[in-house]
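Undergrad: Fold the following, please.
(one chain, ligands or ions: 1)
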Amino acid sequence: MTKSIGLICGSLRKDSYNRIIAQALIDMDDSIKFRWIELKDLPLFNEDLEVDGDPESVTLFKSSVEEVDGIIIVSPEYNSGIPGVLKNALDWASRPTKSSVLHRKPVGVLGATPGGLGTASSQMQIRQILEAMQVHVLPFQKVLISQVHQKIDSDQKVLTDEKTQRYLQRYLQQFIHWIDHTPVLD
Ligand code: FNR
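TA: Numbering: from 1, shown residues only. Model (predicted):
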């Protein structure tokens, strides 16, 4: 059966490198139904906003998360950590605890940076947060894309580095396998 994967980019920047990497995943495999899950319209998380039911943008966001078989997060690192917009979205998605739309959802985490450390610190934080929410994060596999500006064609806004393309292809295969074999713990 055709798999559906939601893509979340942790950057709101128009020319985001991380978005280009996420787009490269879309371009890689026609047999997967990809869907962008956008963060830009989400309000800042506030429990008061839940009292009369979620705001419309949050309801839409949560349904998009619910409707896909798995989610791949492609995110930059800010000050050695997770970008605020992404943490905000994960806090919204984590509600209600234990029956949230992300509970036991297969999720993969990737990241790209023009720097040298490939977003390793923020990926560790993202994993820790997802584990607290009992998300099924694809274990072991790390895609740390450093010097990303040298790996894309900035005019065309496409990934051109063949080695990175191969890593991503392999990652995608592993993620599909993870969706099919994610552990059932009940
Ligand atoms: C950065 N950047 C950055 N890069 C990194 O590898 N480690 C870091 O800790 C940080 N910290 C950081 C903080 C802030 C506030 C900004 C704006 C940027 C650089 C970052 O990787 C770069 O701006 C990327 O281009 C952002 O990702 P997108 O928007 O291109 O996807």
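
Undergrad: Which parts of the chain are helices?
TA: For the chain, the helices defined by DSSP state H cover 17-28, 56-67, 84-93, 120-132, 162-181.

Undergrad: CSV please, covering the ones you listed and showing mean neighbour count, distance to residue 152 and mean pLDDT.
TA: Backbone N, C-alpha and C define where each C-beta goes, glycine included. Below are these laid out as CSV (neighbours: other CB atoms under 10 Å; distance: least, CB to CB, whole Å; pLDDT from 0 to 100):
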stretch, mean neighbour count, distance to residue 152, mean pLDDT
helix 17-28, 20, 5, 98
helix 56-67, 15, 26, 98
helix 84-93, 20, 21, 98
helix 120-132, 17, 20, 97
helix 162-181, 15, 9, 96
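
Undergrad: Of all those helices, which one comes closest to residue 148?
TA: helix 17-28 (4.5 Å; CB to CB).

Undergrad: Spell out which parts of this structure neighbour the ligand.
TA: 11, 13, 16-18, 76-80, 113-115, 117, 119 (CB under 6 Å from any ligand atom).

Undergrad: Could you rerun that using 8 Å?
TA: Residues of the chain found near the ligand (CB under 8 Å from any ligand atom) are 9-13, 15-20, 75-81, 112-119, 121-122, 146, 148-149.

Undergrad: Narrow those residues to those that are buried.
TA: Applying 16 or more other CB atoms under 10 Å to these, the neighbour count classes 9-11, 16-20, 75-78, 112-113, 118-119, 121-122, 146, 148 as buried.

Undergrad: who's in contact with the residue nearest the centre of the chain?
TA: The centroid of the chain falls nearest to residue 73 when counting by CA atoms, centre = their mean (1.0 Å). By CB atoms under 8 Å, 6 or more residues apart in numbering, residue 73 lies in contact with 8, 10, 86, 107, 108, 109, 110, 126.

Undergrad: Residue 96: which of those is nearest?
TA: Nearest to residue 96 among these, with distances taken as CB to CB, is residue 107, at 18.4 Å.

Undergrad: what about the closest one, how many neighbours?
TA: 26 (other CB atoms under 10 Å).
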